[in-house]
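>>> Let me see the structure of the following:
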Amino acid sequence: MGIVRVSISVSLDGYSSGPDVSEQDPMGVGGERLHRWLFPAAGGAADPADAAISADLFARTGAVVVGRRTYDIGVDLWGDTPFPVPTFVVTHREHEPRPMTSATFTFVTDGVASAVAQAVAAAGDKDVLVMGGAEVVRQAIGAGLVDEVTLNLVPVLLHRGARLLDLDSDEHTELVRTGVVATAEATHLTYRVVR
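Next comes the predicted model:
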């Protein structure tokens, strides 16, 4: 059986997107810099270590959980599900499932826990990836649903945007570092969540 994991790019000052996210700037103003390690054609160096991390992420993922805003901004850019697997959209607005070329978007109106549970059932023996946006990631971590967190720490200061780890809780979450891979474009830090 797989695990529930977060893998997300973040600026050195803690932002997972720049300010003013829109269709013209889907990662916010300046936020596309956060994914240069993942898409070398966008100006990044084609580092084999970055490519291996990306390939591992795709190979391990059996289902994805995203927020409604990520879906609304991303669906036309992706032209499909963000990974070729079932994708569960956390939303307050009901919507019929949307079949795509590779898989289907399923809209979940009863919260992130339900979306993660449905994703776990769909993923089989592979992992569930909670990938965006920041609010859905915070909710999943805060609810104790995440087993592993990978922060792809990018050497840039965005100064504004969506801060990833502003968790609204009196509890703390203990982590154990299980991996570090440093490249010119990102430092990939992986942590296991202590239960």
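>>> so how far is Thr70 from Ile8?
The gap separating Ile8 from Thr70 is 11 Å, by CB to CB, to the nearest Å. Heads up, the C-betas are built off the backbone N, CA and C, glycines and all.
>>> what touches both of the two?
Both Ile8 and Thr70 are contacted by 131-132, under the criterion CB atoms under 8 Å, 6 or more residues apart in numbering.
>>> Quickly find the element holding the residue nearest the centre of the chain.
Against the mean C-alpha coordinate of the chain, by CA atoms, centre = their mean, the closest residue is Met131 at 1.6 Å. Assigned by DSSP states H and E, Met131 belongs to strand 127-132.
>>> orientation of the strand or helix carrying Val64 relative to strand 127-132 in degrees?
Element membership for Val64, per DSSP H and E: strand 61-67. Strand 61-67 and strand 127-132 are oriented at 20 degrees to each other (axes from the mean of the first three to the mean of the last three CA atoms, to 10 degrees).
>>> which outside residues touch the next helix or strand after strand 61-67?
Remark: after strand 61-67, the chain's next helix or strand is helix 68-78, criterion DSSP H and E. The set of residues external to helix 68-78 that reach it, using CB under 8 Å, 6+ apart, is 21-23, 26, 66, 82, 87, 89-93, 98, 105, 107, 131-133, 135-136.
>>> before we move on, the earlier item: hmm, the residue nearest to the centre of the chain is touching Val64, no?
Yes - using CB atoms under 8 Å, Met131 is in contact with Val64, at 6.0 Å.
>>> Now do the shared contacts for these two.
Pro82.
>>> beta partners of the nearest residue to Met27 once chain neighbours are set aside?
By the measure of CB to CB, 6 or more residues apart in numbering, the closest residue to Met27 outside its immediate chain neighbours is Ser17, 5.1 Å from it. Legend: beta-bridge partners of Ser17 under DSSP bridges are Ala162.
>>> residues contacting Ser17?
Ser17 is in contact with 27-28, 31, 34, 133-134, 161-162, counting by CB under 8 Å, 6+ apart.
>>> re the thing from before, and the strand holding Met131, how far from the chain's centre?
Counting by CA atoms, centre = their mean, to the nearest Å, strand 127-132 is centred 6 Å from the centre of its parent chain.
>>> and what of stretch 146-163?
10 Å.
>>> Pull out the buried residues from it.
For stretch 146-163, the neighbour count (16 or more other CB atoms under 10 Å) marks 146, 148-154, 156, 158, 161-163 as buried.
>>> Out of the residues you listed, name the ones that lie in strands.
Among the buried residues of stretch 146-163, the residues falling in strands (DSSP state E) are 148-154, 162-163.
>>> export those residues to TSV and tack on pLDDT and distance to Gly142?
Shown next, in TSV, are these (pLDDT from 0 to 100; distance: CB to CB, whole Å):
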residue	pLDDT	distance to Gly142
Glu148	98	16
Val149	98	12
Thr150	97	18
Leu151	97	16
Asn152	97	21
Leu153	98	21
Val154	97	24
Ala162	93	16
Arg163	92	14
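>>> from those residues, which single one is nearest Ser54?
Of all those, Ser54 sits closest to Asn152, with 9.7 Å by CB to CB.
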